[in-house]
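Q: What follows is a predicted protein model with its sequence.
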Amino acid sequence: MSPKLQRLILFGVAGLFLTTAVGLTLAALKENIVYFYTPSEIDKKEIGNRAIRIGGLVQKNSISVVGLTAYFIVEDVKSQQAVTYTGALPDIFRGGQGVIVEGKFNEDTFNANTVMAKHDEQYMPREVADKLKEQGIWQGDSKK
């Protein structure tokens, strides 16, 4: 066997190994990827029963707490989404502030298992700020 053929076989085997490794990695990650949407993007998409994140603003006067279960609405300019969360809300959670909730849909209601609220007056996650800026609802600086 010539050295050229040996190199060609070596590169072929290495390429096959690399392709297999990338394929297996992507297959494993597919189950753990959590997509981010705004309420208006949810209206346009088929979400199914997978875990997602919804980012937007908590609608003022929409928060209702019964025992450990909180009901509230996350909104952007065009749409709103009802959210149910069981557990203790962050102390800084309130109407009119930016929030990201993570969970799954149960028919028309989003059942959140995580609620993340902004930590001061200036901070908002970049992806939420960028989406809200596109819609003209938020004018702050998202570069923090």
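A: Everything's here; your move. Residues are numbered from 1 along each chain as shown.

Q: For the residue nearest to Asp108 when sequence neighbours are not counted, name its beta-bridge partners.
A: The spatial neighbour of Asp108 that comes closest, neighbours along the chain excluded (CB to CB, 6 or more residues apart in numbering), is Ala82 at 6.8 Å. Quick note: C-beta positions are derived from backbone N, CA and C, even for glycine. Ala82 has these beta-bridge partners by DSSP bridges: Ile73.

Q: List the contacts of Ala82.
A: 71-73, 108-110 (CB atoms under 8 Å, 6 or more residues apart in numbering).

Q: For Asp130, what are phi and psi?
A: Per-residue torsions, Asp130: phi -60, psi -40 (degrees, to the nearest 10).

Q: hmm, back to that, if any of the contacts of Ala82 are buried, put those into a ChimeraX selection.
A: In ChimeraX syntax, the buried subset of those is picked out as below (16 or more other CB atoms under 10 Å):
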select :72,73,110
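
Q: Widest-spaced pair of the contacts of Ala82?
A: Between any two of the contacts of Ala82, the greatest separation by CB to CB is 14.6 Å, found for Phe72 and Asp108.

Q: how many neighbours does Lys78 have?
A: Close neighbours of Lys78, defined as other CB atoms under 10 Å, add up to 12.
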